[in-house]
Each structure stands twice: as structure tokens, then as C-alpha cells.
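Student: Predicted model and sequence below, questions to follow.
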Amino acid sequence: MFRNMLALLVVVLVATCPARGQQEPPAGQWLGTASIGQETTRIRITLSEAGSGWAGSVDLLDLGVVGWPASEVLITEHGVTVTIPSDSGPQTLTLVSTERGRLTGEWTESRPVGPARLELEHLGAAPEQAESRLIVEGPAGALGVSIISPTNEAPIAGVVFVHGSGAQPRDATRFHSQMFAEAGIASAMYDKRGVGESEGDWLQADFDDLARDAVAVADRLALETGLRPDQIGFVGYSQGGWIGPVAAALREDTAFVISIAGPATTPGEEGHWGSVRSLRQAGYGADVQSRASSILDTWNSGIRAGGDFSAFERARSAVENEPWFAASLLGEYGTADLSPAWIAWYAGILDFDPVPVLRATRIPFLSLMGDADEEQPWDRSTEIFEALAAEGLPVETHLYAGVTHSMRHASSEASPRRWPGRPSDFYTRQVDFIRRQVGD
């Protein structure tokens with residue numbers, strides 16, 4: 001998603017020779033910051049020899065972007081040029097070396113935005129990433145899995161990443177895996193059923209089915225790393241926040257669950273959020289929000305009835321002339337265009353409630369959400385998780401101000417962001433939680 005949002009980069013690194021006449025060695029990693037005004041983001045450029053030429057990649061560490069491959073890398077006596085194709089036109093990072101091991105310069109773009117200031121330091125050789133690509137036998141067939149491990153040390157814990165909704169490949173969590181590996185945590189990411197190297201069909205799977213896939217991957221992670229069951233947990237994004245606790249309940253001695261932008265409500269209630277949020281933003285009160293939710297309840301009933309949306313159509317028609325109708329987004333809820341396969345799949349998960357699972361398992365649970373979440377009712381979810389903590393369950397909740405469903409700072413015309421990155425403690429908060437659960 002952020003390849004499209006930020007565009008791919010065309011990077012030109014121009015490094016002058018050091019004062020003694022010796023050329024700065026370009027190979028390895030260059031780490032630093034790009035800044036404009038009060039906004040700063042971390043950037044890392046990796047250069048390596050590849051056969052008779054050079055290869056390179058760019059990471060934007062605060063945005064969760066890793067390994068954008070260069071289409072061309074040229075090393076000359078004048079400097080280094082790294083080219084990465086871009087849909088929005090070339091972007092250029094021009095740097096000069098004023099002292100050995102340091103580069104400074106500007107990042108300019110084709111679009112009309114001001115240049116960003118760059119400061120980079122040479123870190124030396126890039127560490128090798130320990131990745132094992134495996135095929136794991138899951139309940140519905142083969143699962144394509146990658147295990148990312150810390151280099152040069154045994155992992156202190158293990159994590160299985162659980163997918164969000166839709167056809168999710170393993171690489172959706174690659175950057176997260178890398179951040180965990182750098183903190184001493186091994187992780188397993190895998191292609192969802194029917195995606196990449198994985199067999200099966202996620203549209204024919206409910207949350208229990210998908211949780212069993214995650215358990216199969218967790219068992220293989222333990223086998224490959226030597227970690228005990230009580231050192232391994234699940235991290236779920238969005239829909240994965242529902243599935244993670246189910247997987248934990250199926251696997252004895254699971255150490256923890258982390259839910260990232262995952263709801264505490266049922267999918268049926270979560271599906272009301274777009275309408276409720278839109279009405280709030282338009283200034284309509286709780287009474288109007290409740291009316292819209294009641295109409296959406298009839299849409300959910302149509303799902304349960306296998307696609308009979310007659311009651312919903314009548315209820316929607318009755319309010320289409322109300323002043324709040326357009327803001328309610330009720331007109332966008334489809335009926336005739338929904339496939340029978342999708343209706344059957346959604347009916348199977350519509351009424352799933354994560355609360356009884358959390359109460360029954362009592363597994364340490366961390367919820368991370370943002371109060372600018374456009375996809376799920378963060379206020380209601382926060383209320384539910386905090387109530388569980390008040391009951392004495394090991395549930396922790398952290399709500400980030402101004403952060404969206406993708407766990408990035410919201411950008412708007414009033415508060416534009418060139419790099420809508422994640423909160424500075426997004427990864428360290430998770431690592432600290434994991435360390436507490438495994439006793440490290």
C-alpha cells in the first residue's frame with residue numbers, strides 16, 4: 001500500500017571523495033534521517049556488489065517500508081547513483097561527504113514539494129538476514145512460510161503473524177519481522193490460504209480454520225528454532241486480532257497475543273463503523289447514529305439469511321430522504337452485487353465475539369489501536385478491553401492519538417505529512433511486552 005502512497009524512489013547518491021583522496025567505500029548500509037520542517041523520518045540505503053555490478057535497496061524505517069529494490073546502481077569516481085522506478089516521477093537524494101563515513105544533502109521530488117534535508121552515516125557491512133523458506137502442512141494443504149531469525153544469537157521468543165482480511169501474502173509483515181529479528185525475536189510469516197505458495201481458499205475458511213493454520217505455523221516455528229511453546233505467541237493485524245486469541249486457545253502454553261488495530265466487537269458491529277464514523281464527522285448525534293446502526297442490523301440479517309436483503313432495502317428506502325442519509329453511507333451497502341461465496345463466508349464469521357475467548361484463555365494480551373481508525377470502532381473496542389482488564393484479565397490496551405487503522409499518523413490538509421509514519425514506540429512497545437511474557 002505504501003509503495004503507491006509514497007511512490008517508489010529514484011535515488012541519486014553523490015558522494016565526494018574524502019579529503020585524503022581515498023574514495024569513500026560505498027558498500028554496506030547508510031542510515032540516517034530525512035527532515036522537512038518539524039517532520040523527520042528514518043531512511044536506510046543498502047548497497048552491495050552483485051556479480052560484475054552493484055545492487056541496492058531503500059528502507060523507510062518509520063513507515064514500515066523495507067527492501068525497495070533498485071533497478072540500477074552505478075558506482076563512479078564521482079559518487080553513487082541508485083535508480084528505483086517511480087509511478088509519480090523521479091525523486092532524487094543528492095548527498096556529499098564532508099567527512100569520512102557521513103553524507104549530507106537534499107531529497108527532492110518531481111511533485112511541487114520542498115526539499116528535505118538528509119543526514120546519513122555509514123554503518124559498515126549490511127548484516128545478513130536469516131530467512132528460511134519452508135512448506136508447512138496445514139489443515140487445508142500446504143502453507144508457504146518464511147521464518148526470519150536473529151543473526152548470530154538464539155531467539156528469546158517467537159511470533160507468528162496472523163493476517164488481516166482478504167488475500168494476504170507473507171510479505172505484508174516482512175518489515176515487522178525484520179524489526180523483531182533486530183530485537184532478538186524470531187518470527188514466522190506465511191501466505192494466507194489460496195495466496196502465493198499456500199493451498200486452500202480463505203473464502204471457505206472461518207476464524208477457527210484460519211487459527212488452525214496459524215497453529216500449524218507456530219508448531220513449525222518451534223521445531224525450527226528450538227523455542228518452547230511458552231516462548232511463542234501470535235501477532236494479528238486487523239482481522240488477525242480476532243484470529244490470534246482463537247489460535248492461542250488451540251495451542252497449549254501460548255505465551256501472548258498482540259492485536260494491532262483489531263476490534264473487540266463482533267464483525268457485525270465492526271461493519272457499522274464506517275456509517276457511524278461518517279455521521280459523527282458530519283456532526284450528527286447518537287440518535288441518528290443509532291438509527292443508521294439499526295438499519296445496518298437488517299443488512300447483517302440479510303447475510304445470515306443467505307442473501308435475502310428485502311428487509312434492509314425497505315428500511316433503507318424509508319430514510320433515503322432524511323437529511324443525514326448521504327452522510328450515513330447507507331447507499332453504499334451492496335446487496336445484488338454480493339457473491340454467494342462471499343455471503344456464505346461472511347455469515348460464518350459475522351457473529352464471532354472475541355470476549356469469551358479472552359475470558360476463557362486468560363492469555364496475556366496487548367491491544368494497540370489509534371483514535372483515527374477508519375475501519376473499526378476503536379472507542380467501543382477500547383472500552384471492552386479496558387473492562388476486561390478491570391475484571392483482572394491480563395489485558396493491556398494502548399491507544400495512539402491521531403493514528404489510523406494502518407497504525408500510521410493521520411495526514412490531512414490541515415496537518416499534512418510527507419511521511420505518514422508509525423508511532424516512535426510502535427515496535428519497542430511490542431518488544432517490551434513480549435520480553436515481559438517470556439521472562440527475559
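Tutor: Received it, and whenever you're ready, just let me know what you need. Here the structure is a predicted model, which is why all the values come from computation and not from measurement.
Student: For Pro26, what is the enclosing helix or strand?
Tutor: Of the helices and strands defined by DSSP states H and E, none includes Pro26.
Student: you'd agree it is up against Ile75?
Tutor: Yes - using CB atoms under 8 Å, Pro26 is in contact with Ile75, at 5.8 Å. The way it works is simple: take the backbone N, C-alpha and C, and place the C-beta from them, glycine included.
Student: what do the two both touch?
Tutor: Trp54 (CB atoms under 8 Å, 6 or more residues apart in numbering).
Student: For this protein, which segments are assigned as helices?
Tutor: Remark: helices assigned in the chain by DSSP state H are 2-6, 174-182, 207-225, 240-250, 267-270, 273-281, 286-304, 310-319, 325-328, 340-349, 354-361, 378-390, 426-438.
Student: quick one, which of the ones you listed is packed in tightest?
Tutor: Highest mean neighbour count of the helices of the chain: helix 240-250, a mean of 26 (counted as mean count of other CB atoms under 10 Å).
Student: Enumerate the beta-bridge partners assigned to Val80.
Tutor: Leu13, Ile75 (DSSP bridges).
Student: per the record, what domains does the chain have?
Tutor: Domain segmentation of the chain under automatic domain parsing yields 2-124, 130-266+352-438, 268-349.
Student: Can you show me the strands along the stretch 51-200 of the chain?
Tutor: Along the stretch 51-200 of the chain, counting by DSSP state E, counting those that start in this stretch, strands occupy 53-60, 65-69, 72-76, 79-83, 91-99, 102-109, 116-124, 130-138, 141-149, 157-162, 185-190.
Student: Kindly reformat the ones you listed as CSV containing mean neighbour count.
Tutor: Compiled in CSV, the strands of the stretch 51-200 of the chain are given as follows (neighbours: other CB atoms under 10 Å):
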stretch, mean neighbour count
strand 53-60, 19
strand 65-69, 17
strand 72-76, 16
strand 79-83, 21
strand 91-99, 18
strand 102-109, 19
strand 116-124, 17
strand 130-138, 16
strand 141-149, 22
strand 157-162, 29
strand 185-190, 28
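Student: Nearest to Trp378 among those strands would be which one?
Tutor: strand 157-162 (19.3 Å; CB to CB).
Student: Okay, now the sheet partners of the closest one, with direction.
Tutor: Going by DSSP bridges, the partners of strand 157-162 are strand 185-190 (parallel), strand 232-237 (parallel).
Student: a markdown table for these, including mean pLDDT and distance to Val159?
Tutor: Output for the strands paired with strand 157-162, formatted as a markdown table (pLDDT from 0 to 100; distance: least, CB to CB, whole Å):
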| stretch | mean pLDDT | distance to Val159 |
| --- | --- | --- |
| strand 185-190 | 97 | 4 |
| strand 232-237 | 98 | 5 |
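Student: Can you add distance to Arg408 and give the ones you listed back as TSV?
Tutor: Below are these laid out as TSV (distance: least, CB to CB, whole Å):
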stretch	distance to Arg408
strand 185-190	20
strand 232-237	13
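Student: if I pick Tyr427, what's in contact with it?
Tutor: By CB under 8 Å, 6+ apart, Tyr427 lies in contact with 176, 179-180, 183.
Student: What is the burial count for the closest residue to Ala389 other than its chain neighbours?
Tutor: Among residues not flanking Ala389 along the chain, Val395 sits closest, at 4.5 Å (CB to CB, 6 or more residues apart in numbering). Residues lying near Val395 (other CB atoms under 10 Å) number 24.
Student: Val395 and Phe365 touch, don't they?
Tutor: Yes - counting by CB under 8 Å, Val395 touches Phe365, with 4.8 Å between them.
Student: So which one of the contacts of Tyr427 is the model least confident about?
Tutor: On pLDDT alone, Met179 ranks lowest of those, at 90.
Student: and of the contacts of Tyr427, the nearest to Trp202?
Tutor: His176 (20.3 Å).
Student: Please name the residues that touch that closest one.
Tutor: In this structure, His176 makes contact with 64, 161, 187, 235, 427, judged by CB under 8 Å, 6+ apart.
Student: ditto for Glu182
Tutor: Pro150.
Student: Can you give me the distance of it to Val66?
Tutor: Relative to Val66, Glu182 is positioned 11 Å away (criterion: CB to CB, to the nearest Å).
Student: now do Ile349
Tutor: 31 Å.
Student: which strand is the longest one in the protein?
Tutor: strand 39-50 (DSSP state E).
Student: hmm, who's touching that one?
Tutor: In contact with strand 39-50 (CB under 8 Å, 6+ apart) are residues 11, 13, 26-35, 54-63, 73, 80, 82, 93, 118, 120, 126, 417-419, 421.
Student: what's the residue nearest to Ala389 in contact with, if anything?
Tutor: Val395 touches 358, 365, 367, 385-386, 388-389, counting by CB under 8 Å, 6+ apart.
Student: for Gly32, same thing?
Tutor: So Gly32 contacts 42-44, 103, 118-121 (CB under 8 Å, 6+ apart).
Student: ok, for it, nearest residue in space, not its chain neighbours?
Tutor: Nearest to Gly32 is Leu120, by CB to CB, 6+ apart, at 3.5 Å.
Student: Can you check the pLDDT for that neighbour?
Tutor: Here, the pLDDT recorded for Leu120 equals 86.
Student: That one against Gly101, yeah?
Tutor: No - assessed by CB under 8 Å, Leu120 is found out of contact with Gly101, at 9.4 Å.
Student: what residue ranges in the stretch 101-250 of the chain are flagged as low confidence?
Tutor: 110, 127-129 (pLDDT under 70).
Student: run the last query once more with 90
Tutor: Residue ranges of the stretch 101-250 of the chain with pLDDT under 90: 101-114, 118, 120, 123-131, 151-153, 170-175, 178, 182.
Student: can you list contacts of stretch 342-361?
Tutor: For stretch 342-361, the external contacting residues (CB under 8 Å, 6+ apart) are 203-207, 241-242, 245-246, 248-249, 254, 263-264, 266-268, 300, 303-304, 306-307, 365, 384, 388, 391, 393, 395.
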